[in-house]
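> my questions are about this predicted structure, shown below with the sequence.
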Amino acid sequence: MAERRIVTGNYAAAYGALLSRVEVIAAYPITPQTFIVEHVSEFVNDGKLDAEYMPVESEHSAMSACVAATATGVRSYTATSSQGLALMHEVLYVAAGLHLPIVMPVVNRTIAAPIGIWCEHNDTMAERDSGWLQCFCENNQEVLDMVVQAYKVAENTKVLLPVMVNLDAFILSHTVEPVEFPDQKDVDEFLPRYDPKHAYLRPKDPMVVGSFASPEYIQEFRYQTEESTQNAKEVIRQVNDEFAEKFGRDYGGAVEEYRMDDAEVALITLGTVSATTRDVVDELRDEGKSVGLVKMRWFRPYPTEIIRDIASRVKALGVYDRAMSFGTGGPSYMDTKSALYGHSTIPVLGFLAGLGGRDVMVKDIRLMFERTLEAAKKDRVEKEVTWIGTRGVQP
Amino acid sequence: MYEVRFHGRGGQGAVMAAQALADAAFVEGNYAVAFPWFGAERRGAPVLAFTRVDENKINIKTRVYNPDYIVVLDEKLMDFVNVAEGLSPDGMAILNSPLDPEEVDLGMSVKTATVDATTVALEVLGAPITNSAILGAFASATGLVSIDSVKQGILDIFGPRIGDKLAEKNARAAAAAHDRIKIGKCKAERTYPEAKKWLPTYQEMPLSLATKPTKTDSGLVGPGSSVENKTGSWRTFTPKYDEEACTNCLMCWFYCPDAAIKRLEPPKKVGFDMDYCKGCGICEEVCPADAIEMVR
Amino acid sequence: MKMKDLPEEDWFVNGHTACPGCGGATVVKIAMKVFGPDTITYFPANCLLVFGGTYPLNSFKVPYLHVLFENSAICAAGISRALKRLGKTDTSVVAFAGDGGTADIGIQALSGAAERNEDIIYVCYDNEAYMNTGIQRSGATPFGAWTTTTPVGSVEAGKGEYKKDIPRIMMAHDAPYVATATLGFIPDLLKKLEKAKNKKGCFRYLQIYAPCPPGWRMDASLGAKISKMVVDTGLWTLYEFEDGKMTINKKPKMTPVEEYTKLQGRFRHLTKENLAALQKYAEDKWRKDQALAEAYS
Ligand SMILES: Cc1ncc(C[n+]2csc(CCOP(=O)(O)OP(=O)(O)O)c2C)c(N)n1
């Protein structure tokens, strides 16, 4: 029987690796991911997880080891955060380019300067064009479930791309909350052993993996990644449904809609802000305001079609970002606008709050809804990007 | 606008020649660009460089596919590279060759200038480096740039790389070659085999290029497939082997970087695979029995 | 293994695009004859990556992986750990890295893999500069050598520092097997390659001298000769460090370094003082290596 315990997000992320029976783990500690590294080491040393554990000398090496191990033909795992992810940058592109289905929890932490350890999404957002798929989690249960689901999506032969499972620093990583732990037997049925057909290193059946290639091949190579990314949309849905069937938790696929029936406006969120927003939506609904939540779970591939469909049902959209692309707006806001351009003329507003780990308060989210409702009423965008809670800046 | 394609080998200075021509045209008040096409090959392998010249600003950024002029620094290239590919029928070939134009076969009949640039270079520079001499020939054959401008171009481009003294000498080599060209029309007898290149669609291409040994229409690809690449064409010196003198010590076999020397069934000793020998001469150098001699 | 017992078959085959006379190509050809078909190879960015295969062609008949430049040791280790999971611990995992990829940008991953005693063979083919990018200085470039980043100018000429001693650094890791070799001493080279292959289950480091005719401004035929001379001058000590014990394999003749430098254009500008400094370096190196061998006897 599935067991319930109170655990941190980091523990859930580590336990997801155990349940997924990863075979090679290579990791390097960084606050706030450190406990993931410690937990997986314990699992290995206690004999709970039969895997090669590589306590490597850097995140660059951690990702390199995962790339090499997966290219050899086994399932591999690492986890990182912030500066560690930035140090991996170069290797991330190789993992995606070589179609190696690595899964990596990333504890979203602000990137220096200034150096800080708290939550911001500017670490993973900087990797949004690396070819990695990315999902964002709202609670610790979702972290655990998504590690398992991520392997299933990543290893699907139509996809074969690596996945980052994002969890907010401290808000999930260091917070205990109840999590249900699926039975290993059920996970084994859900997630069979990794048995690659496309890339492996076997002396009896030699293959070149990672060629130096001329312009005659690279554009087709890129197109393969684009096609796989597009294919992932359908696979994400299938895996979600299969998971829901087996484990009883349905996350709604790439996007979860909350109280969106006849909602007039909606707020698109990433990460833990989605949870607080549920309460705000309830409050506003009680006050008679017709609002809903669009929880973006998979940010890559960007769920273009779903967002277009949602836009066709509301009068205005607000988009919350925990990272800024300077001079423009938050990445999620920009992607939303580009998805809707030519398909919808409703107002779309961008909101920034909670940078560097500052709390995103109920009142902040209320303000986002108020502004979005106003824009719906006027059918016009008065301020494209609003920074909320910044001293000296009028929101 | 006119467009020039230079054919040379890695190390022969085709890129510097293309740049010096651009500089010469620029000195005369034109707009000019020059650029290399880098393949992955190293010293000795065929390389390309391009020059474009116009009175007006040049915006086009592609390689040159239909040159008005081709310039060939090394005549041996013509044996296996279709140097005239895409050459405009009204264009012209400027070749480093001791032959008369009529004796040269480019597989297409075009106006041709030949110059024995190697001899000129040996006389003036004391080394068979032809990239400056051939520019002198280009100036006199085409009349597009004056020899003075070419000399200036050589000083401007070569000077910072090889020193002003050597650049001066190279300018003199250009001037010497200027008066030693022969103009005529070349033969069009040979046909070059169609360049074969495996260009799969993205669906046919192995995912992420992870490739097993595979036979394609254009030959083998994947592990061990470089045997398709006949690097023997890079060679200027060839080993002459005296089996009688050979003691079968296998030093040449051991040291050949190109694995072009094979052990044979006795009583034969070793054999040379000229498809791959690049002519480095290590075999001659290590042979204790003087059984190998490098010849031109 | 004797030279005559090397297999005729190559696992690094014809048609590669190395420059004529490339020492690195010979090192790899011979190493692959010794390592044989049950080998998985890793290549960082370097000349070998480029001349060993531009897609779709490739010169290796064994499995081949390239990821990046500075992570050879860790990628080889990742392969080896995966093989352990697959129960294939007999297979050799070999990384072939240049001196730049080893002494400079790759030293962090190399040090980590050595310290963890990863089950890999790391071969550094040492052509004493970054050749792939067009002859720039590396930590392993010798004193005085011209490179494009140590140009011969009117104020400074050639590299002002001495060659970084990577094998000594590897010894400081107490790696189970560290050896230096050149193409100039064939039985010694083959013995070391064979030992590296057969000493399974641990970290093995080989540094093999690899003459580069264009980079050293040297005649393409001189690779074998220069590989002997470098040992004779004392600029390169042939030794082995095995399970904590260091053995010098060849006593240098201490021929003047000038005999060696005069064959290479990269040293052409050296002054008398420069040559004296390089001579002193050779003598000091030999003295230090002897002392080390004594200490690790
Ligand atoms: C992170 C990174 N920086 C720089 C480069 C460019 N680069 C490619 S190969 C190379 C030099 C390789 O030198 P070395 O390791 O000595 O091998 P060699 O080319 O001499 O065989 C450099 C600098 C790179 N590929 N990656």
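Great, that's in hand.

> identify the residues contacting B:T236.
B:76, B:279, B:296 (C-beta atoms under 8 Å, 6 or more residues apart in numbering or on different chains). From N, CA and C alone the C-beta is placed, and that goes for glycine too.

> ok, 6 Å please
Contact partners of B:T236, counting by C-beta atoms under 6 Å, 6 or more residues apart in numbering or on different chains, are B:G279.

> check whether C:F241 really touches C:M171, as I assumed.
Yes - counting by C-beta atoms under 6 Å, C:F241 sits close enough to C:M171 to count as a contact (4.9 Å).

> what residues does the stretch 101-250 of chain B have near chain C?
Residues of the stretch 101-250 of chain B lying close to chain C (C-beta under 6 Å from any C-beta of the partner chain) are B:198, B:209, B:221, B:223-227, B:229, B:231.

> what's the farthest-apart pair in these?
Taking C-beta to C-beta as the measure, these span a maximum distance of 22.6 Å, between B:L209 and B:T231.

> which residues are contacting stretch C:184-192?
Residues contacting stretch C:184-192 (C-beta under 6 Å, 6+ apart): C:1, C:3, C:179, C:181, C:227-228, C:231, C:238, C:249.

> could I have the buried ones of the residues you listed as PyMOL selection syntax?
Applying 16 or more other C-beta atoms under 10 Å in any protein chain shown to those leaves a buried subset, and the PyMOL line that selects it is:
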select buried, chain C and resi 3+179+181+227+228+231+238+249
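
> looking at the contacts of stretch C:184-192, spot the one nearest chain B.
C:M3 (5.8 Å; C-beta to the nearest C-beta).

> run a quick neighbour tally on the closest residue to that closest one other than its chain neighbours.
Spatial nearest neighbour of C:M3, excluding adjacent residues (C-beta to C-beta, 6 or more residues apart in numbering or on different chains): C:I186 at 5.4 Å. Neighbourhood size, C:I186 [other C-beta atoms under 10 Å in any protein chain shown]: 20.

> distance check, C:I186 against B:L207.
43 Å (C-beta to C-beta, to the nearest Å).

> do C:S80 as well
25 Å.

> equivalent analysis for A:R371, please.
A:R371 is 46 Å from B:L207, by C-beta to C-beta.

> between these two, point out the one with more neighbours.
A:R371 (23 against 20).

> for A:G350, see how far away that one is.
10 Å.

> for B:N56, same thing?
From B:N56 to A:G350 the distance is 45 Å (C-beta to C-beta).

> of these two, give the one with the bigger neighbour count.
A:G350 (27 against 8).

> so who does the residue nearest to the more buried one when sequence neighbours are not counted touch?
Closest residue in space to A:G350, ignoring its immediate chain neighbours: A:Y333 at 3.4 Å, by C-beta to C-beta, 6+ apart. With contacts defined as C-beta under 6 Å, 6+ apart, A:Y333 is in contact with A:319, A:321, A:350.

> turn those into TSV, including pLDDT and secondary structure.
Listed next are those as TSV, based on pLDDT from 0 to 100; DSSP: H, G, I helix; E, B strand; the rest coil:
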residue	pLDDT	secondary structure
A:V319	98	strand
A:D321	98	strand
A:G350	98	strand
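
> which element is the residue nearest to A:G350 on?
Following DSSP states H and E, one finds A:Y333 within helix A:331-340.

> pLDDT (mean, whole number) over that helix?
Helix A:331-340 shows a mean pLDDT of 98.

> with stretch A:45-64 instead?
Rounded mean pLDDT across stretch A:45-64 is 98.

> how about it: buried residues?
Buried-residue list, stretch A:45-64, by 16+ other C-beta under 10 Å: A:49, A:51-54, A:56-64.

> how about stretch A:372-392?
A:372-373, A:375-376, A:385-389.

> give me the subset of those residues lying in helices.
Of the buried residues of stretch A:372-392, the ones assigned to helices by DSSP state H are A:372-373, A:375-376.

> what about A:V235, helix or strand, and which?
Using DSSP H and E, A:V235 falls in helix A:215-247.

> check which helices and strands that helix sits against.
Contact here means 3 or more C-beta pairs under 6 Å, 6 or more residues apart in numbering or on different chains; DSSP states H and E; on that basis helix A:215-247 packs against helix A:140-155.

> redo that, cut-off 8 Å
Using 3 or more C-beta pairs under 8 Å, 6 or more residues apart in numbering or on different chains; DSSP states H and E as the contact test, the elements touching helix A:215-247 are helix A:82-97, helix A:140-155, helix A:184-190, strand A:298-300.

> so which of those gets nearest B:V270?
helix A:82-97 (42.1 Å).

> is that closest one positioned near chain B?
Yes - using C-beta under 8 Å from any C-beta of the partner chain, helix A:82-97 reaches chain B at A:G97.

> make JSON lines out of the residues of the stretch 101-250 of chain B next to chain C and add secondary structure.
Output for these, formatted as JSON lines (DSSP: H, G, I helix; E, B strand; the rest coil):
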{"residue": "B:W198", "secondary structure": "coil"}
{"residue": "B:L209", "secondary structure": "helix"}
{"residue": "B:V221", "secondary structure": "strand"}
{"residue": "B:P223", "secondary structure": "coil"}
{"residue": "B:G224", "secondary structure": "coil"}
{"residue": "B:S225", "secondary structure": "helix"}
{"residue": "B:S226", "secondary structure": "helix"}
{"residue": "B:V227", "secondary structure": "helix"}
{"residue": "B:N229", "secondary structure": "coil"}
{"residue": "B:T231", "secondary structure": "helix"}
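
> any idea how far the residue lying closest to B:L144 once chain neighbours are set aside is from B:A14?
Nearest residue to B:L144, sequence neighbours excluded (C-beta to C-beta, 6+ apart): B:Y2, at 6.5 Å. Going from B:Y2 to B:A14 by C-beta to C-beta gives 18 Å.

> looking at the two, which one has more neighbours?
Set B:Y2 next to B:A14 and count neighbours by other C-beta under 10 Å: B:A14 wins out with 28 against 17.

> residues in contact with that one?
Here B:A14 is in contact with B:6-8, B:36, B:47-49, B:73, B:131 (criterion: C-beta under 8 Å, 6+ apart).

> one more time with 10 Å, if that's ok
Going by C-beta atoms under 10 Å, 6 or more residues apart in numbering or on different chains, B:A14 touches B:5-8, B:36-37, B:46-50, B:71-74, B:130-131, B:134.

> from memory the residue nearest to B:L144 sits against B:F138, does it?
No - the criterion here is C-beta atoms under 10 Å, and B:Y2 misses it with B:F138 at 11.1 Å.

> pull up the overlap in contacts between the two.
Common neighbours of B:Y2 and B:F138 (C-beta under 10 Å, 6+ apart) are B:51, B:69, B:144.

> out of those, list just those in strands.
Of the positions in the shared contacts of B:Y2 and B:F138, B:51, B:69 sit in strands, assigned by DSSP state E.
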